[in-house]
Structure formats: structure tokens, C-alpha cells
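Colleague: Structure, please.
(one chain, ligands or ions: 1)
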Amino acid sequence: MMAPTMTGHAKGESVMAQQMPVSGAVGGEKMAAPLRNDSPATSIHVERARRELLRAAMDAVEEWVVVVDAQGGIQFLNAPYAEFLGVEASEVLGRDVSEVIENTRMHEVLESGRAELAQLQLIRGHHMIAHRYPIFRDGELIGAIGSVLYHDTWEWRQVNAQVQALEAEVDYYRQALETPNGARWQLSDIIGDSPAMRELASKVRKIAPGGASVLIRGESGTGKELYAHALHRSSARAKGPFIKLNCAAIPEALLEAELFGYEEGAFTGARRGGKPGKFQLADGGTLFLDEVGDMPLAMQAKLLRVLQDREVEAVGATRLVTVDVRVIAATHRPLEALVESGEFREDLFYRINVVPLQVPPLRERRDDLPTLATHLLSRLARRSGRRPPILSETALERLCAHHWPGNVRELENVLEAAFYLGGSHIQPTDLPDAIGARHGDARHADARRTELSTPPSGSVVLADSNTPVATGSLREAMAQTERRLIEAALSAANGNRTRAARQLGIAKSSLYEKLNRHGLLAETP
Ligand SMILES: Nc1ncnc2c1ncn2[C@@H]1O[C@H](COP(=O)(O)OP(=O)(O)OP(=O)(O)O)[C@@H](O)[C@H]1O
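Modeller: Below is the predicted model of the structure:
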């Protein structure tokens, strides 16, 4: 996020101040004449000079100032504010203030005619403190003036950091309150109105109330976990716990203890008092076994026994404990083929696959893409305190033409990058090269996917997209990614560094420093 800076606009240095009319010279130094209209002949000149002085004063102060007319059109924006916003003050005159300043409430002040003092306003990711006053002349409202305090001081950054930390804490507690049992999603949160998704929703409604085991299948990033949450929240166990275990993420040696718990002293390093396993924690609720296809064979046998007997034996324990758990499993792997090759137990497969649920890949439900894209962009905007950007029709067309090997997760990643690169309007140039028309239609994207299916060793691959984005160590990869983002932003901004810095959400001075570091300073205008 951009750190607001005030470079070049310290008091007395502003452009306007330098342009102040001068009419006298004392001892070789030019001095502004005293603004007194002693005679009618000088009154016009004095009036103009007075106006210039006032404007120069507005540019010289550290507060950011904006003045709008009764319709909300900008009539004055002081130089420091214009610099922070990355606009030319003269170019935004007459434009509606809400097009230029994020989260502005000048229209509300114009409507209510009431001042708003010391209001928190989020602009470009920073919490600012703003005052807004209506302006009256002869009892008639003719405009409003807004000023932003605390924008680049060290103290305010400290306060800002504290506010952000508090907000994150509040979010955490709010989420914990809203989802006391760990299931965050419900059916209405799953976006998609295509026939395939409607059919899936109706199946979920039918199977959720019963206690049968459900196996959710589908490619990576299709939303399988969302359905597991939704099944729990639509079931009779909704008030019970929802516990998740990713079978692929736990080392084989620890999996048994994770699933079934252990007693004190069960092994070296065992916690005092022992630890309950996921099965015990999920008692009365649902256990979601993600990536079940990656479960080692030895554990598969133990899991099968628990599912059959409904009894769990913790590691190091001498007695069995009865548990009442509904198991929902998910995998993107071809379980039937794994059964064939002996990597997955057939009896366990039938045990967990009582009700199969297939989540279709995004390329088979392209009708959902516009709604999904709008939803995901709104979510990003909400999280970062910005207004949802507009997705241009050509950008949407390109998204629809893509093959989406990484499904909704890949769409989420692409939109997130475009959200930060594209500003308020997302254009095709804000999308990665691999998306849509540049590589032709979906068929072409398919062919390209095959070409890239084996990324070179050492490649860093973004999410599930198979496009290698950078290579080498993390530091090198980050530097390469930074350089690419800067180049993309400059290209999208036709070489305009102010706009590129704004798109990247960094100060112009910081962009110069990065251009210099990447040896791009000479290459760009
Ligand atoms: N229909 C949808 N509506 C809204 N968001 C979705 C939808 N489908 C997927 N997502 C989002 O896509 C991302 C991936 O979803 P999820 O983790 O459920 O996929 P998955 O199929 O379980 O992936 P994996 O197999 O890799 O675990 C999540 O951030 C989720 O919020």
C-alpha cells in the first residue's frame, strides 16, 4: 500500500507559492508588495494578488484540502492532496469528487448541510482523519470543504498501524463469534446459478440432513471445501463442531495422533495430559477429511475401523472411546484408479463414498463466471476498503475464454492481481498474458496448458496456474515478480510514472527507487 508522502511540498515550497506575484525589490531580493488597495487604480491588482496568496497558502499547508461546489464538482484541490492522489489538480477541476477521492463523504455533507469532524476515511489503504464542512453564503448552501489531517506523520502511521491491528483483531473475534463451530460457509455463500450448480445445491439440501458419509470430488480449486462447510451447516449437526483435517498436509508419522489423539507419555515429546484427536474434537459434529486420496495405506485401515465401529483408540490408550461423527471427505484424485493400483483401499472407498458429490470445473460452467468475478472483486474491495472496480466487457470476454485449470482459486488469484494493477477499471491489459484472447480461445488455452504442464525445476508457480512466473530463490523470485508488476503497470499507464505508482499502490518516490534498483530508470520516460 502506498505510504502517503509530501515530497516537494514542504511549507513555502509549493508551485503556487513560487508563482506568487512579486512587485518590489529590496536589497536585491524580490519582496511581495503589501496587499493594500489604497487607490482604486490598484484594487484589481490587489484583489488578484490576494486570491493568489490564498491559493498559495492552501498549497503550502500540510493539510490536504478539497473544495467542491453544491453538486459535488471539484473546484479546488491543493497541491499536496493532488500529489497523494496521483492526479493533476488542474485536470480534476469540475469532476465529481467521488470519482477522484475514495470513500469521500462530501456528497453526504452537501445533502445534510452538517459538518463531519475527525472522521476516519480509508484512502488508498490508509486510514486518514478528515474534517468536512458545508459552505453557506447568505443562508444558501454553495459547496463544501474537506481537509485531511494526519497523512504522513510518523505518529499517525503508528496510530494507523494500531487501528489496523485492532481491526484485524475485531475481524478475528467477529468471525469466531459468527462461526463458533468452525464452518464458515453456507449454501447461500456458494456463488453460481448455472444448471450444474443449481443441481448441486438441490442435492446438498437433500443429503445434508441425513448422517450419511459424503465424498466430494472435483478438480483442485473448484470449491469442494465450501460444500463440506455448507453440508455441515445445513445438517442437524449444524450446532456441533466442524473439524477439518488435511490428510496431505500431515506427515505420516503424526497422522494417527492427529486423527485419534494420544495419551500422556504415549511417545517422547507427547504433551502433558495428552491431546484429543480430530475425531474426539468432532464428536457430535462433522469431520472433514480433505485430500483423503493422499492418506497412507496404513492409516486407511485404521480409519476404516473407526468408521465401522464408531470407536476411537488414542495413541498409548488402553480403552476405546465411542464417538458420534459424520465424515465428509474430499479429493481431486481419481480414487477408482487408486483402488485399481492398490494405493487406496476398496472397502474404505465404499465406506466414504456413500453419497458422491461432484463439483464441476469452472470451464464447464462458464455462465457462472461473470457473477463469480463480480462477487470475488466485491469481496476484495470490501477487505481492502476500496470501491469494487468495474470489469470491462473485453476483460470479461477474455476471462470467459480461458480454460481455468486452477478453477475458482485461479480466478480469485487473477482477479486479485488485476484488482491491484487495474485501479477502478479492469482492462484486458491488467490480466496475465495467459488469460484469454492473447492466446486465442479455450482450445488454444488448453494446448498452452499442455505445453506448460511441466514447469522447469525451480520454477515458482502461482497457485494452480501452470504458468511459471519466476525462478530461483524466494528473494530472486520476489524481485522478478516485482519487476514484472512494475513493467506491467508502466505499460498499462503508457509510461506515466505517476499513474503506474498509483496502480501499484506505492509512492512515486518509491517507484523511482525500485526503477533504479531494477535498472529500468533509463528505459522508461
Ligand atoms: N462457488 C464459489 N463461490 C465463491 N467462492 C468460491 C466458489 N468456489 C470456490 N470459491 C473460492 O475458491 C477458493 C478455492 O475453494 P476451495 O478451497 O473450496 O476449493 P477446493 O476444491 O477445496 O480446492 P483443493 O482441492 O485445492 O483443496 C476459495 O477461496 C473459495 O472461497
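Colleague: near the ligand, which residues of the stretch 151-300 of the chain show up?
Modeller: Applying Cβ under 6 Å from any ligand atom, we find that the stretch 151-300 of the chain lies next to the ligand at Ile190, Ile191, Gly192, Gly218, Ser220, Gly221, Thr222, Gly223, Lys224, Glu225, Leu226, Asp290. All C-beta spots, glycine's among them, are computed from the backbone N, C-alpha and C.
Colleague: what about the nearest residue to the first one once chain neighbours are set aside, which helix or strand?
Modeller: I take that to be Ile190. Nearest residue to Ile190, sequence neighbours excluded (Cβ to Cβ, 6 or more residues apart in numbering): Leu226, at 5.2 Å. Assigned by DSSP states H and E, Leu226 falls within helix 224-233.
Colleague: Tell me which strands the helix or strand just after that helix pairs with, and in which orientation.
Modeller: Where DSSP H and E defines the elements, the next helix or strand beyond helix 224-233 is strand 242-246. Strand pairing for strand 242-246, determined by DSSP bridges: strand 286-290 (parallel).
Colleague: what's the helix or strand just after the partner strand packed up against?
Modeller: The helix or strand immediately downstream of strand 286-290 is helix 297-309, counting by DSSP H and E. Helix 297-309 is packed against helix 252-260, helix 346-352, with contacts defined by 3 or more Cβ pairs under 8 Å, 6 or more residues apart in numbering; DSSP states H and E.
Colleague: Strand 242-246 and the helix holding Leu226, what's the angle between them?
Modeller: With axes from the mean of the first three to the mean of the last three Cα atoms, to 10 degrees defining the directions, helix 224-233 sits at 150 degrees from strand 242-246.
Colleague: Helix 224-233 packs against which elements?
Modeller: Here helix 224-233 touches helix 195-207, strand 214-217, strand 242-246, strand 286-290, strand 326-331, going by 3+ Cβ pairs under 8 Å, 6+ apart.
Colleague: switch the cut-off to 10 Å
Modeller: helix 195-207, strand 214-217, strand 242-246, strand 286-290, strand 326-331, strand 355-358 (3 or more Cβ pairs under 10 Å, 6 or more residues apart in numbering; DSSP states H and E).
Colleague: dump the residue contacts of Val292.
Modeller: By Cβ atoms under 10 Å, 6 or more residues apart in numbering, Val292 lies in contact with 215-216, 245-248, 300, 303, 327-331, 333, 335, 344, 348-349, 352.
Colleague: how near is the residue nearest to it when sequence neighbours are not counted to Asn494?
Modeller: In this structure, Val292 finds its nearest non-sequential neighbour in Ala329, 4.0 Å apart by Cβ to Cβ, 6+ apart. Taking Cβ to Cβ, to the nearest Å as the measure, Ala329 and Asn494 are separated by 52 Å.
Colleague: Between these two, which has more neighbouring residues?
Modeller: The residue with more neighbours, out of Ala329 and Asn494, is Ala329; 27 against 9, by other Cβ atoms under 10 Å.
Colleague: Let me see the contact set for the more buried one.
Modeller: Residues in contact with Ala329 (Cβ under 10 Å, 6+ apart) are 213-217, 224, 228, 247, 287-293, 295, 303, 335, 348-349, 351-353.
Colleague: What separation is there between Cys247 and the ligand?
Modeller: For Cys247, the distance to the ligand equals 11 Å [Cβ to the nearest ligand atom, to the nearest Å].
Colleague: Also Leu255?
Modeller: Here Leu255 is placed at a distance of 17 Å from the ligand (Cβ to the nearest ligand atom).
Colleague: can you count the residues close to the closest residue to the ligand within the stretch 151-300 of the chain?
Modeller: When distances are taken as Cβ to the nearest ligand atom, the stretch 151-300 of the chain reaches nearest to the ligand at Gly223, 2.7 Å away. By other Cβ under 10 Å, 24 other residues sit near Gly223.
Colleague: Look at it and report its pLDDT.
Modeller: pLDDT for Gly223: 96.
Colleague: what do you get for the one 4 residues further on?
Modeller: In the prediction, the pLDDT value recorded for Tyr227 is 97.
Colleague: likewise Met1?
Modeller: You'll see Met1 listed with a pLDDT of 31.
Colleague: roughly how far is stretch 412-427 from the heart of the chain?
Modeller: 10 Å (Cα atoms, centre = their mean, to the nearest Å).
Colleague: Give the buried residues for it.
Modeller: 412-416, 418-423, 426-427 (16 or more other Cβ atoms under 10 Å).
Colleague: for stretch 352-372, same thing?
Modeller: Buried residues in stretch 352-372, counted by 16+ other Cβ under 10 Å: 352-353, 355, 357, 359-363, 365-366, 368-369, 372.
Colleague: What average pLDDT does stretch 289-302 get?
Modeller: Throughout stretch 289-302, pLDDT has a mean value of 94.
Colleague: swap in stretch 136-150?
Modeller: For stretch 136-150, mean pLDDT is 91.
Colleague: Now that stretch: buried residues?
Modeller: Applying 16+ other Cβ under 10 Å to stretch 136-150 flags Gly143, Ala144, Ile145, Gly146, Ser147, Val148, Tyr150 as buried.
Colleague: which among these gets closest to Glu91?
Modeller: Of all those, Glu91 sits closest to Gly146, with 18.8 Å by Cβ to Cβ.
Colleague: if we can go back for a sec, from the residues of the stretch 151-300 of the chain next to the ligand, which would you call buried?
Modeller: Those of those that meet the buried threshold are Ile190, Ile191, Gly192, Gly218, Ser220, Gly221, Thr222, Gly223, Lys224, Glu225, Leu226, Asp290, by 16+ other Cβ under 10 Å.
Colleague: give me the residue from the stretch 301-450 of the chain nearest the ligand.
Modeller: Val408 (3.4 Å).
Colleague: Distance check, that residue against Val68.
Modeller: Distance check for Val408 against Val68: by Cβ to Cβ, it reads 41 Å.
Colleague: repeat for Arg502
Modeller: Going from Arg502 to Val68 by Cβ to Cβ gives 21 Å.
Colleague: more neighbours, the two?
Modeller: Val68 (27 against 22).
Colleague: and that one, that's in a helix?
Modeller: No. If the criterion is DSSP: H, G, I helix; E, B strand; the rest coil, then Val68 is strand and not within a helix.
Colleague: which residues does it bridge with?
Modeller: The residues listed as beta-bridge partners of Val68 by DSSP bridges are Ile74, Ala144.
Colleague: so which strand or helix has the residue positioned nearest the centre of the chain?
Modeller: The centre of the chain sits closest to Leu380, judged by Cα atoms, centre = their mean, with a distance of 4.0 Å. Leu380 belongs to helix 369-384 when assigned by DSSP H and E.
Colleague: hang on, the earlier thing: identify the residues contacting the residue nearest to Ile190.
Modeller: Leu226 is in contact with Arg184, Trp185, Gln186, Leu187, Asp189, Ile190, Ile191, Ile216, Val359, Val408, counting by Cβ under 10 Å, 6+ apart.
Colleague: so how far does stretch 212-232 reach from one end to the other?
Modeller: 12 Å (Cα to Cα, to the nearest Å).
Colleague: now stretch 380-394
Modeller: Using Cα to Cα, the end-to-end distance of stretch 380-394 comes to 21 Å.
Colleague: Briefly note if that stretch comes near the ligand.
Modeller: No. Against the ligand, stretch 380-394 shows no contacts by Cβ under 6 Å from any ligand atom, the least distance being 11.3 Å.
Colleague: Out of the buried residues of stretch 412-427, which sit inside strands?
Modeller: Among those, the ones falling in strands (DSSP state E) are Ile426.
Colleague: Show me how this protein divides into domains.
Modeller: 15-156, 187-360, 368-517 (automatic domain parsing).
Colleague: so what does the host helix or strand of Tyr133 touch, helix or strand wise?
Modeller: Using DSSP H and E, Tyr133 maps to strand 126-137. The helices and strands touching strand 126-137, judged by 3+ Cβ pairs under 10 Å, 6+ apart, are strand 64-69, helix 106-112, strand 116-123, strand 140-149, helix 154-178.
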